[in-house]
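> sequence and predicted structure, then a few things I'm wondering about:
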Amino acid sequence: MKIEQIYTGCLAQGAYFIQSEGEAVVIDPLREIQPYLTRAKETNTKIKYVFETHFHADFVSGHVDLAKATGAKIVYGPNANPSFESLIAKDGEEFKVGKVTFKVLHTPGHTMESTVYLLRDENGRDTAIFSGDTLFIGDVGRPDLAQRGSITKEDLAGYLYESLRNKIMTLPDDVIVYPAHGAGSACGKNMSKDTTDTLGHQKEVNYALRTNMTKAEFVKEVTDGLLPPPGYFPLNVKMNKEGYDSIDTVLQRGTQALSVDAFEVAANETGALILDTRHEQQFAKGFIPNSINIGIDGSFAPWVGSLIPDIQQQILLVTEPGREMEVVTRLARVGYDHAIGYLQGSFDSWKKAGKEVDVITSLSVNQFAKILEENPHANVLDVRKKSEYEAEHVDIAVNLPLDFINESMASIDKNKTYFVHCGGGYRSMTFTSILRARGYENLIDVGGGFTAIKAKTTIKTTDYVCPTQLH
């Protein structure tokens, strides 16, 4: 038996490839299926099942394509109702894979169909659980994503309490926990950076597994402080339940090389969004007017999902040369299947053709410090998360998190100048580019973000939460 965790950092997502005696299971696969097919070929194993722990909201799973490519059966737990052929397992049902066995543990709470798969070795010993979004390392799945009709998040939290105590905490302490997500995912509140642990240790350190915790206490703690989920979550659930275009079709459509003229015609005729995925400082020095910057080297896919509200939006890409396939793949992971091509030769070809370009002023932290010395009442926008801002921030800064840019931009006066920063420069450029595309001309980026600002001792910072009111 061999267990392989295939972790994708930009989504903080763990998929699993488990093999025994020439047979294999893939659990919660990503959209692109080639890595699993390659592993099966290299290990001379047949993928027998694709286990899904639930209908994922934060990414599009590769279950449909993988089943078509291998003949594997897609397995869900009770209460699932997908539109495609699948096996809906019963609670307690077992599946044999080589010499090992997987037992279905129905664990409603994160969603009503949420299921944990218990792995037993060839001697019948409980070895590991693939816990999906039911149990994370240091946290549990948020209970507000599947509330509908009369079922509230409090109801779901109550179900989760029972699932954890009746199905999970009764297992041996040496069972290994393999969750679907780690730190950085929006599917929980405070996940650990660790991607696996023993169940016994989680019983000691995970707040949600306290043995003396009442259901009422659990419900209160699990539901407290939940931020609104990204807007693309329900759309990903829909795709995971109903199916989607083949990944090959999506990649072929999105990786069409377009000349400068063809790119310009496509932008004018389709109304496509121009998404520039280059490094933020490259973008600042020159970009196609009205394009927005979400850098490929950050948390690209989650930010796309949070900031581009229409998942059907056609997208034209400006990428670093040679990274077009990577960008289209990562868009497809969160259901953005309608990239229609990329600018051949990247931005350099646009510039050489003499087309109109735009720039964003980006200051060094030394330049920013000098401005604050001369104008201590300058307008400073901190676009980090509220929790980051509350921990420490520039004394005069106002917090407008990037996550909620659509709600907060109305409070920005187009006639005033603002200095925008985040933690390291990534989010502030995204924030500034989006507003620039909407006619806000007076936003200036602070390169290096709060990391650089904090190191500059002449800039006063505080952990006091200032009122979120613009001057």
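Received, thanks.
> drop to CA atoms for contacts and neighbour counts, all remaining ones
Fine.
> not counting its neighbours along the chain, what's nearest the spatially most central residue of the chain?
With distances taken as C-alpha atoms, centre = their mean, the residue of the chain nearest its centroid is Pro302 (3.6 Å). Take Pro302 and drop its neighbours on the chain: the residue closest to it by C-alpha to C-alpha, 6 or more residues apart in numbering is Leu11, 6.9 Å away.
> got the domain boundaries for this structure?
According to automatic domain parsing, the chain comprises the domains 2-234, 245-352, 362-462.
> could you export the ones you listed as a markdown table, including mean pLDDT?
Below are the domains of the chain laid out as a markdown table (pLDDT from 0 to 100):
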| stretch | mean pLDDT |
| --- | --- |
| domain 2-234 | 96 |
| domain 245-352 | 96 |
| domain 362-462 | 93 |
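> ok, now which ones touch the nearest residue in space to Leu209 that is not next to it in sequence?
Using C-alpha to C-alpha, 6+ apart and skipping residues adjacent in sequence, the residue nearest Leu209 is Lys203, 5.3 Å away. Residues in contact with Lys203, defined by C-alpha atoms under 8 Å, 6 or more residues apart in numbering, are 169, 209-211.
> rewinding a little: shouldn't the residue nearest to the centre of the chain be within a helix?
Yes: assessed by DSSP: H, G, I helix; E, B strand; the rest coil, Pro302 belongs to a helix.
> that older thread, just the buried members of the contacts of Lys203?
Buried members of the contacts of Lys203, scored by 16 or more other C-alpha atoms under 10 Å, are 169, 209.
> wait, which of the contacts of Lys203 is closest to Leu66?
Nearest to Leu66, judged by C-alpha to C-alpha, of those is Met169 at 32.4 Å.
> which residues does that closest one contact?
Contact partners of Met169, counting by C-alpha under 8 Å, 6+ apart, are 199, 203, 209.
> among these, which are in helices?
199, 203 (DSSP state H).
> tell me which of the contacts of Met169 is nearest to Ser150?
Taking C-alpha to C-alpha as the measure, Ser150 lies nearest Leu209 of these, at 26.9 Å.
> isn't the closest one up against Gln202?
Yes: the pair Leu209 and Gln202 passes the contact test of C-alpha atoms under 8 Å, sitting 7.3 Å apart.
> quick revisit: farthest-apart pair in the contacts of Lys203, please.
Farthest-apart pair in the contacts of Lys203 is Met169 and Arg210; separation 10.0 Å (C-alpha to C-alpha).
> got a list of contacts for stretch 35-55?
By C-alpha under 8 Å, 6+ apart, the residues outside stretch 35-55 that reach it are 17, 19, 21-29, 63, 66-67, 70-77, 80, 97, 111, 113-117, 131-133, 237, 240-241.
> coming back round to it: quick one: which of the contacts of Lys203 is nearest Thr432?
Of all the contacts of Lys203, Leu209 has the smallest distance to Thr432: 42.0 Å, by C-alpha to C-alpha.
> now do the contacts for that closest one.
Leu209 makes contact with 164-165, 169, 202-203, according to C-alpha under 8 Å, 6+ apart.
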